[in-house]
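> make a model of this:
(chains A, B and C)
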Amino acid sequence: MDYDLLFIQTLNGIQLGLLLFLVASGLTLVFGILDFVNLAHGSLYMFGAFICAWLTLQLGNFIYAVLLALPLTGLLGLAVERLMARYLYTRDHLDQVLATFGLILVLDTLAHLIWGPAGIAVPLPGWLRGQVEVFNGVVVPSFRLLIIATGLVTAAFLFWLVNYTRLGMLIRAGASNRTMVSALGIDIQTLFALVFALGAMLAGLAGMLIAPITEASIGMGNNIIITAFVVIIIGGIGSMKGAFIGALLIGLIDTLGRSFLDDLFKLFMPSDAAETSAPAVSAMLIYIIMAMVLAIRPQGLFPPKVR
Amino acid sequence: MKKILTAALAASMLTTPAWAKEVKIGFVTTLTTGAAVIGNDMKNAVELALEHMGGKMGDLDAVVIYGDDGFKPETGKQVTDKLVKQDNVDFVTGYIWSHVLLASRKSVLDAGKFLISANAGPSQVAGKLCNKNFFSTSWQNDSTTMAVGEVLNQKGVKSLYIMAPNYAAGKDMVAGVERTFKGKVLGKDLTKWGADAQLDFSAELAKAKASGAEALFVFYPGAAAGAFVKQYHQAGLKDILPLYSAFTVDALSLPKLQAANFESVLGSVFTQEWDPTLDNAANKKFVSSFKAKYGTYPSFYAAQSYDAMFLIKSAVEAVNGDLTNMDGMRDAMMAVKYDSVRGPYTYGVNHMPVENFYEREVVADADGVWTTRVVSTVYKDHVDPFAAECHME
Amino acid sequence: MSMTKRSIWPTLGFLLLLLVVPLGFYFYDNAFYLDLATRLVILGIAATSLNLVLGYGGLISFGHAAYIGIGAYAVGIPVYHEFYGGFDSIASTNGLFQIAIAVGIATLFALITGAISLRTKGVYFIMITMAFAQMAYYFFLSLDEYGGDDGLVIEVRSEMPFMDMDSPVQLFLLCWMSLVVAMLIVRTIVHSRFGMVLQGAKGNNERMVTLGYNTYVYRLTAYVISGAMCGYAGALMGNFSSFISPAMMEWGRSGELMFMVILGGAATTLGPVLGSAAFILLEEIFSSVTIYWHLPFGLLLIGVVLFARGGLTGMFRGRGN
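Okay, the predicted model is just below:
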C-alpha cells in the first residue's frame, strides 16, 4: 500500500466532499425550510462558475471576481425565486421537480447563448498556482488547499448561522411553524427569498471554486446536482449536520473508489476487466450506499427533529 | 389537436422541396453541450469550403444540412435517420465521435448513400465493418497514437502512464500506443465520458505521479482538453512526467490555455496527419483564409471537414452531376482527385487514408499566438492495422 | 371516481388519428414521420405504464427510463450473442423469447427496487427510484462487452411469428396495437377493486390502512405491473432504433417520461399518450427551428406546470378550477 498516495487521495476526497457540501447545504436549506425540491440548483452552480470566470477575465483577478460574483449569483437566485419558485411552494413535489427540470433546460441554454459553447478557463493569481509541500516529499496544489479551507469556513459559518443567530432561529421556526413566524410580524416571504438567495450563493461559490480546476462549462451542474441529492438524502433532508457528514462520506467514497477499486478488483478478476469495471462500479457505489441507508433508515441518517 | 397535428406535419414537410438541381449533404456534428466548440469549428470549415467552391459542385448547387448529435449516439442516429429519410440527402458526412458514427452508420449505408467520416475512425469501420460506400478524410483511431508510441521509443522513454476517456475512441487510442510502445505501461485510467464527463482528474494524476512512470500519455478531445492540461499544470508535473498526447492539445484548446497562461503546454508533443504549417498550396489557402475569416487557427477537425467537402465535390464533378452513378463517384473518391490540405494521400482497401503522420509540438508563432509546428515525419504512407481485417464485398 | 363517466370518443378518435396520419405520410413517400410516430407510440406505452403508479397511485417514480433500457438490452444482448458467440443459453433472435426476458427482468427489477423504495415516502421516494435507475445506468455502462458507454448496435430485429419487424409499417402496427392493449390494461386495473384501493391510498393512506388494506402490497403490485409494461415498451424501443446505449436510462429521460404524463394529464386514460405525442412533436418542431430549442421547450414545461394543471386533457375538458 502506498501511504503517500492514500494521503493525497484522502485530501482529494475531502476537497470533493466539501464542494459537495456547499451545493448540498443550499439544497438542504431550501428543501428543509421551503419544502421545495430544486433540481435546477445545479444550474445556479454553473452560473456561479460562468459569472466568476467571465469576471476573472474582465478584471484580471480571481479573488475580486469571486467577491463580485457571489452577490450576482444571489441576485440570480432572487430572480428565480421571485419569478418561479415562489408560486410552487404550496404545490406538490412532482410539480416542483418538473418545473425545475424545465428551468435546467432554460438556464443551460441561456449560458450557451451568453458565453458560447466553449466554456471558460479561469487563470489563477500566481500565489495560488503553486504547490505546497505538506510533509516530506508529498506536495499538493495550493489551490486545492484553498478549496478545503473555504469549505470548512463556510461550514462553520452555516452552523453558526443556523444555530446561534436570530435569522437561524427564524429559519428553523419557519420550517416547523409558518403561521407562528408570520404571527411574530416577520415577513415570511422575505425570509424565504433570503434563504433561496443564500442557497444560490452557496451553490455559486462551489461553482466558482471548481471553475479554475475544470473550467466553467455548459451542463456542469447536471452531474453534481444528482450527487448532491444523494448527499442530503443520506444525511436526512433539512439537516445541516447530515449534509456535512453525507458530503464528506460521498466525496471520500467516490475519490477513493476511483483510485483504489481497480487494485481491489485485480485481486479477484483479470486486470483488463478490473480496469474497465472499476470506474463504473465506483460510480455506482454512492447509489448503492444511498439505497442501503434508505432501506435501513427511510428518513436518512440524521432526520431533523423539528418537523 | 387534429388540426394542430396535421398543420405541424404539413409545415415541416414544406421546408424540404425535392426538385431542385442540387447536391444535398447532411453534416452530423455536435452543436450543443460543451463539445459544440468542435462542431462550430467544423461548421466554419464547411462554410469556408462552400465559399471557396462558390456554392457549386460542378453544375449543381451544394446544399449542406446540419444535424446536431447532442454528443449522444442515440440522438446522432435519430438525426442521421432524419437526414436520410426526410431530407433525402446524397451524402452524409461529419461525425466527431466514434460511438455516434458506429450507431449511425447502418442508417446511411442501408439506404445506399455515401458516408464520409470527417473525424471519427473507430477500428470496426476500418476492419470487419468496412463498406464500399464508406470513406474517411481523417484516420483510423489507432494510427495517430501508434505514431505517439514510435515517438516515445525514439526518445528512449522506458515507462508510461496512460489516461483516456472510457469510450470507443478512447480504447482505440490506448490500444494504438500499446501496440507500438516498447517500454512498460505502469498504469492506465479510463475515465467517465459523455455529456456528464469526469473533468476533475486529481485522483488519476496523483496515481500517475505515484506510479513513477517516465512519461504520461493522454487522449482528451474537446472541452476536457483544457481542463486536463490545467490540472496537469497545477499539479506541477511538467518536469516529472512529460506530456505526450493525441487530439488533446489543438487549435481549440490553445487559445483558452494561452488566455489563462498555462505555459506548461508549450513544448508538449503530439502526433497528427495534418498541421497548419504543412507546406502545400491548398493548406496555405485554407489556413490563411480561415484565420482571416474567423480570427483563429483552424483545428484538425476543421481541416478534415474542409477536405470532406472537396472530396465530395471531386466525386460529383467526376460523374458530371449524375448522382445516380454511385460507381462513378466511388471510383473518383478512391482515386483522390482533389488537393487535400494534408498533401497527397491515397486510399487503402478499407477506404481509410494512407497518409503521413507527423510529430508536432506546441510553439508560439511570430505574433506570440500559441500554435503548433511539425518536428519530424514519424510515419510515411502509413496503413492502419485493421486494413487486413477488411473484406470489401 | 369522478373520471369514469367521461365519453370514450375523444380517446378512440385520437388513437385512430395516430394510426392513420403516419401511415398516410408513409405512403405519400415520407418515411420519416412513420419513424417519429413509432417512437411516439412506444413512449406512449411507457408513459401509460408510468401513469399507473404516478397518476393513479400517487407514487412519483423518477426512474422509469431504467425499464426502457432493460427491455432494450433484453433484445440487444441475445442478438449480440447469436452473432458473436458466447453465452449460448441466451443467444437468440426469437422475439417472443426476448420479450419474455425483457418483461421478466423488468418485473424482477421492479419487485426488488419497489420493495425497498416503497418503504420511503415523499421526496425520498422520488430520489430512491432515481438512484436505482442510476445504478442500472452505471451497470450497463460497465458492461464493456456490450459496448459500455458506446452503446450496442442491434444487428437484426426480433423474429416474430406472422410478422416482419424490419417492415416499418408492421413494426408500427405492432406498437400501435400494444399501446391500445396497454391502455386497456391500465383502464381495467384502475376500475377494479384493486385500482380503487390504489387510488384511495393516494388520497388518504392512513384511512385505507385503518380500513384493513395492506396498501404496501397494493402499491408494490402496481409498481411491478408498471415496470413490466415499461420493460415491454423497452423491447419495442430496441427493435425500433436497432441501437441501445446506457444514455437511454439517464435521469433526464425519466424526467421526460414524467413530463409526458403531466403534460397530457395524469390519472386519465388518454393523457399519457396525448402527452407523449405533444412532447415528441414539439421537440421535433422546436429543434428543427433552432439549436437553442431547449430554451422555449423549458419555458413551456414551466408554463404547463404553473398554469395548465390537469394537462392537455384538463384543458380540453375545461376543468376550470
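> before we move on, which element is A:Ile253 in?
Secondary structure assigned from DSSP states H and E places A:Ile253 in helix A:240-266.
> is that helix anywhere near chain C?
No: using CB under 8 Å from any CB of the partner chain, helix A:240-266 stays clear of chain C, coming no nearer than 11.1 Å. C-beta here means a position set from N, CA and C on the backbone, and glycine is covered the same way.
> please apply the same query to stretch B:137-153.
No: interface with chain C: stretch B:137-153 contributes nothing (CB under 8 Å from any CB), its closest point being 12.3 Å away.
> which parts of the stretch 101-250 of chain C sit against chain A?
C:116-117, C:119-124, C:126-128, C:130-132, C:134-135, C:138-139, C:141-142, C:144, C:148.
> separate out the buried members of these.
Buried members of these, counted by 16 or more other CB atoms under 10 Å in any protein chain shown: C:116-117, C:119-120, C:123-124, C:126-128, C:130-132, C:134-135, C:138-139, C:141-142, C:144, C:148.
> so which of those residues belong to helices?
C:116-117, C:123-124, C:126-128, C:130-132, C:134-135, C:138-139, C:141-142 (DSSP state H).
> report the two of those separated the most.
C:Val123 and C:Ser142 (28.4 Å; CB to CB).
> can you tell me the closest non-neighbouring residue to B:Leu254?
B:Trp370 (4.6 Å; CB to CB, 6 or more residues apart in numbering or on different chains).
> so who does residue 65 touch?
Just so you know, I chose chain A. Listed by CB atoms under 8 Å, 6 or more residues apart in numbering or on different chains, the contact partners of A:Ala65 are A:52-53, A:55-56, A:58-59, A:208.
> oops, chain C please
With contact set as CB under 8 Å, 6+ apart, C:Ala65 has these partners: C:133, C:248-251, C:253-254, C:256-257.
> which pLDDT value belongs to A:Leu110?
Residue-level confidence at A:Leu110 comes out at 95, pLDDT.
> surely B:Thr377 is in a strand?
Yes: counting by DSSP: H, G, I helix; E, B strand; the rest coil, B:Thr377 is located in a strand.
> ok, it - how many residues close by?
Around B:Thr377 there are 11 other residues, counting by other CB atoms under 10 Å in any protein chain shown.
> ok, it - contacts?
B:356-359.
> what's the average pLDDT for the helix or strand containing A:Leu170?
Assigned by DSSP H and E, A:Leu170 falls within helix A:166-176. The pLDDT scores in helix A:166-176 average 72.
> do the same with stretch A:252-269
The average pLDDT within stretch A:252-269 is 84.
> pLDDT on stretch B:251-259, on average?
Average pLDDT, stretch B:251-259: 86.
> show me what counts as buried in it.
Across stretch B:251-259, burial judged by 16+ other CB under 10 Å covers B:251-258.
> report how many residues lie close to B:Asn153.
There are 14 residues near B:Asn153, going by other CB under 10 Å.
> quick one: it and C:Tyr223, what's the gap?
59 Å (CB to CB, to the nearest Å).
> residue in the stretch 251-393 of chain B nearest to chain C?
B:Glu389 (14.4 Å; CB to the nearest CB).
> next up, phi/psi of the nearest residue to that residue once chain neighbours are set aside, please.
Sequence neighbours aside, B:Gly127 is the residue nearest to B:Glu389 in space, at 3.5 Å (criterion: CB to CB, 6+ apart). When read as degrees, to the nearest 10, the backbone of B:Gly127 gives phi -110, psi -110.
> is the residue lying closest to B:Lys56 once chain neighbours are set aside in a helix, a strand, or coil?
Nearest residue to B:Lys56, sequence neighbours excluded (CB to CB, 6+ apart): B:Ala62, at 6.3 Å. Three-state call for B:Ala62 (three-state DSSP): strand.
> which one of the contacts of C:Ala65 is nearest to chain B?
Nearest to chain B, judged by CB to the nearest CB, of the contacts of C:Ala65 is C:Met248 at 6.1 Å.
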